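In: everything below, folded, please.
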Amino acid sequence: MTDGSGERPLSVCITFDYDALSLWAGMLGSTNPTQISRGEFAAVAMPRILTYLRSHRIPATFATPGHTLLAYPDIAKAIAADGHEFAHHGWVHELVSLTDEAGEREVFERGFEAFEKVLGIRPTGYRAPGFDFSPRTVSLLQEFGFSYDSSFMGDDFNAYYLREGDQASPTQPYRFGGPVDLVELPASWALTDVPCFEFVWGALPGLRPPSAVEEIWRGDFDFAVERNPGGIYILTLHPQTIGRGHRWLMFERLVEHFANSDNVVFETLGAYAARWRSENPHDKWCATPSVHAPATS
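Out: Numbering: from 1, shown residues only. Below you'll find the model as predicted:
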């Protein structure tokens, strides 16, 4: 809610990476039926998630792999029927940094094909599976007509334009590329649920108590709403993870806290990106040196 002060509210964006089976079959390369069944729980959790969002009139963004759209088309249609936004999230939650250019192009194209087949749409927002980019990805996002991304972590509560052509070397000074017309809505591992909760043998200990995670997520929100009005606070959630009962109760408490705070609005990533772009034209933004657009010598 807003406090009527006229100050631009903090935007809270609830986002769901609706990976379902693809997380286990794709990025983790599993053929273990019991492990893959963990992704199946996402389809169990989705009705309770949609019911809650509907009852509280909260628009959300669902970053969805093509593999999930084809596995559960009726759930995808239910998400669309409730007016939520979709973002491209790969084909089968693959890490594009591990493939070549042809493979990365195929990932984008198969994802688009699934969106067209199931929903008849072409999303203009992107979130990389595993927050993973290759050196080619920014260029491909422009080529495929995306307007925003939500994978980078160069800021916490402020949008910015992505750069292309950065060069990192252990022996040479860092070389900054130039900002391109692609809005970045920054993500954070600290504001996502999988590292906190999911147990993966030999990789993630997970299984933290929701109270500990609630403290982190609430703390970042309290900072943002007090000190970063007009900014964006993004939670990156996964139905198969946050949808478990004890975690979902924590999420409901957090949303109540958000809603009871002064000067807050819930909206989708796409809505925020469009408004931010209109208020920060690319050419004008690039002309003002900042940490995201350093002046060149």
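
In: next up, the contacts around Asp155.
Out: By C-beta atoms under 8 Å, 6 or more residues apart in numbering, the contact set of Asp155 is Glu184, Pro186, His292. C-beta: built from backbone N, CA, C; applies to glycine.

In: one more: Asp222?
Out: Counted by C-beta under 8 Å, 6+ apart, Asp222 has contacts Ser261.

In: contact partners of the strand or helix carrying Phe115?
Out: Here Phe115 sits within helix 101-118, counting by DSSP states H and E. With contact meaning C-beta under 8 Å, 6+ apart, helix 101-118 is reached by 65-67, 69-70, 73, 76-77, 86, 88-91, 94, 96, 99, 121-123, 134, 136-137, 140, 144.

In: on that earlier part again, kindly reformat the contacts of Asp155 as TSV containing secondary structure and pLDDT.
Out: As requested, those are arranged in TSV below (DSSP: H, G, I helix; E, B strand; the rest coil; pLDDT from 0 to 100):
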residue	secondary structure	pLDDT
Glu184	strand	98
Pro186	coil	98
His292	coil	96
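
In: which of the residues in the helix holding Phe115 are buried?
Out: Glu104, Arg105, Val107, Phe108, Arg110, Gly111, Phe112, Ala114, Phe115, Val118 (16 or more other C-beta atoms under 10 Å).

In: helices along the stretch 101-250 of the chain, start to end?
Out: 101-118, 137-143, 194-197, 210-227, 239-242, 245-259 (DSSP state H, counting those that start in this stretch).

In: just say which of the ones you listed is most tucked in.
Out: helix 239-242 (a mean of 26; mean count of other C-beta atoms under 10 Å).

In: give the rounded mean pLDDT of it.
Out: Confidence for helix 239-242, expressed as mean pLDDT, is 97.

In: just stretch 255-265 next, same as before
Out: For stretch 255-265, the per-residue pLDDT averages 95.

In: quick revisit: out of the contacts of Asp155, grab the one that's most surrounded.
Out: Using other C-beta atoms under 10 Å as the neighbour criterion, Glu184 leads the contacts of Asp155 with 24 neighbours.

In: surely it meets Asp149?
Out: Yes: Glu184 is within contact range of Asp149, at 5.5 Å (criterion: C-beta atoms under 8 Å).

In: mutual contacts of those two, please.
Out: Leu162.

In: quick check: next helix or strand after the worst-scoring helix or strand of the chain on mean pLDDT?
Out: Of the helices and strands making up the chain, the lowest-confidence element is helix 22, at a mean of 91, by mean pLDDT, DSSP states H and E. Per DSSP H and E, the first helix or strand lying C-terminal to helix 22 is helix 33-55.

In: mind listing what's buried in that following helix?
Out: Neighbour-count burial for helix 33-55 flags Ile36, Arg38, Gly39, Ala42, Ala43, Ala45, Met46, Ile49, Leu50, Leu53 (criterion: 16+ other C-beta under 10 Å).

In: please apply the same query to stretch 90-104.
Out: Gly90, Trp91, Val92, His93, Glu94, Leu95, Val96, Glu104.
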